[in-house]
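Asker: quick check, what structure comes out for this input:
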Amino acid sequence: MQEIRTGRALQLEGLQFAQNKVTLGFKCEAGTKIQLAQEAQQIGMTLSEYVDTVIGSRHSLQNQTPKSTSELAPKIEMQKKQIQQLEAKVNFYENDFLKSAFNKYRGQTVPFQNNKGQQVQVTVNSIEDVYTILINVVNLQ
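Answerer: Next comes the predicted model:
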């Protein structure tokens, strides 16, 4: 392992044998830290996990050939359309009726007879549970 001089003596002995992750501290601009924290939050990671991932993938990123904006534009547009379609689906299923029913029955076990005539109980812990009850009550035959 090559030693890098930064003004202080680095204690690198034994690091190559470390089995757990080690701490790496560095100074950066406040804006950089804020931006990294926001990016991490957007994808559901801690700042530490995100920075570890970014630094860990630096070699694979260097080997990729950069694509021009004109090459990426169609892909970005397609992804925007997919996001809009998914948002429309979420809005359809998470409507005021389901939200109201969820708030009313949250944490409660709701007994009902399903479309096969069986007695069933579902504990309402999410809006999906309300939807499950409703679709199992309806008999479309």
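
Asker: assumed Pro111 was part of a helix.
Answerer: No - under DSSP: H, G, I helix; E, B strand; the rest coil, Pro111 sits outside any helix and is assigned strand.

Asker: what's near enough to touch it?
Answerer: Neighbouring residues of Pro111 by Cβ atoms under 8 Å, 6 or more residues apart in numbering: 119-121. (C-beta placed from N, C-alpha, C; glycine too.)

Asker: now do stretch 124-135: everything it contacts.
Answerer: Residues from elsewhere that reach stretch 124-135 (Cβ under 8 Å, 6+ apart): 93-94, 98-99, 101-102, 105-110, 112, 122-123.

Asker: longest helix anywhere in this protein?
Answerer: Criterion DSSP state H: the longest helix present in the chain is helix 69-93.

Asker: helices and strands of the protein: which one bottoms out on pLDDT?
Answerer: Of all helical and strand segments in the chain, the minimum by mean pLDDT, DSSP states H and E falls on helix 58-63, at a mean of 68.

Asker: what separation do you get for Glu77 and Gln113?
Answerer: Remark: distance between Glu77 and Gln113 (Cβ to Cβ, to the nearest Å) = 48 Å.

Asker: do the same with Phe92
Answerer: In terms of Cβ to Cβ, Phe92 sits 26 Å off from Gln113.

Asker: the two - which one has more neighbours?
Answerer: Gln113 (12 against 9; other Cβ atoms under 10 Å).

Asker: got phi/psi on the closest residue to the more buried one other than its chain neighbours?
Answerer: Excluding its sequence neighbours, the residue lying closest to Gln113 (Cβ to Cβ, 6 or more residues apart in numbering) is Gln119, at 5.8 Å. Gln119 has phi and psi values of phi -80, psi 130 when expressed as degrees, to the nearest 10.

Asker: okay, strands next: where are they in the protein?
Answerer: 109-113, 119-123 (DSSP state E).

Asker: of those strands, which is nearest Ser60?
Answerer: Distances from Ser60 to each of these were compared using Cβ to Cβ; the minimum, 44.6 Å, belongs to strand 119-123.
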